[in-house]
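Enquirer: Please work out how this folds:
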Amino acid sequence: MHYDTIRAFMAKLDLWICLIQYGNTASFSNLDSALIHSYLDSELEKQIITHLTDVKAEFIRYFPDSDEKHEAWKFIRNSFQCEVADVSDEVQEKFLDFMFNSSAEENFKDLNLQRFWVKCLPV
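Expert: Got it, this is the predicted structure:
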């Protein structure tokens, strides 16, 4: 999953909503050009905000693990800086065994992420 890209896009949606609320249309070049000598109509502003909010809700529905409050992928990306509370209850004990495995930690530092996880697979 392109976790960082999805989270960045969702953060941009929040930014765009905030900017539109202040009448700033710079992020929307065609709209900005059309409004060069006028202001954003309040009805159009509401429609844009509703649309952007709906897009974000759809992304959250489609990518539920991308919500910034849900760090399900944090363990995979950086196991040794993850808190036990960030992993599901079912694997917390195994996570602690793994987290205190100095050999695995050295491999994590030396290998790229894909090779590290391949090396962690049971033989």
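
Enquirer: Could you point out the longest helix of the chain?
Expert: helix 42-62 (DSSP state H).

Enquirer: for it, packing partners?
Expert: Secondary-structure packing of helix 42-62 (3 or more Cβ pairs under 8 Å, 6 or more residues apart in numbering; DSSP states H and E): helix 3-21. C-beta here means a position set from N, CA and C on the backbone, and glycine is covered the same way.

Enquirer: circling back: just the residues contacting the helix or strand just after the longest helix of the chain, thanks.
Expert: Downstream of helix 42-62, the first helix or strand assigned by DSSP states H and E is helix 74-77. If you take Cβ atoms under 8 Å, 6 or more residues apart in numbering as the criterion, helix 74-77 is touched by 3, 82, 86-87, 95, 113, 117.

Enquirer: same thing but at 7 Å, please
Expert: Helix 74-77 has contacts (Cβ atoms under 7 Å, 6 or more residues apart in numbering) with 82, 86-87, 95.

Enquirer: buried sites along that helix?
Expert: Using 16 or more other Cβ atoms under 10 Å as the burial criterion, the residues of helix 74-77 that qualify are Phe75.

Enquirer: Kindly export that helix (C-alpha atoms) in PDB.
Expert: What follows is helix 74-77, C-alpha atoms only, in PDB (Å, rounded to 0.1, in the frame of the first residue of the first chain):
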ATOM      1  CA  LYS A  74       3.600   1.600  11.600                       C
ATOM      2  CA  PHE A  75       5.000  -1.700  12.800                       C
ATOM      3  CA  ILE A  76       5.900  -2.800   9.300                       C
ATOM      4  CA  ARG A  77       7.600   0.400   8.400                       C
END
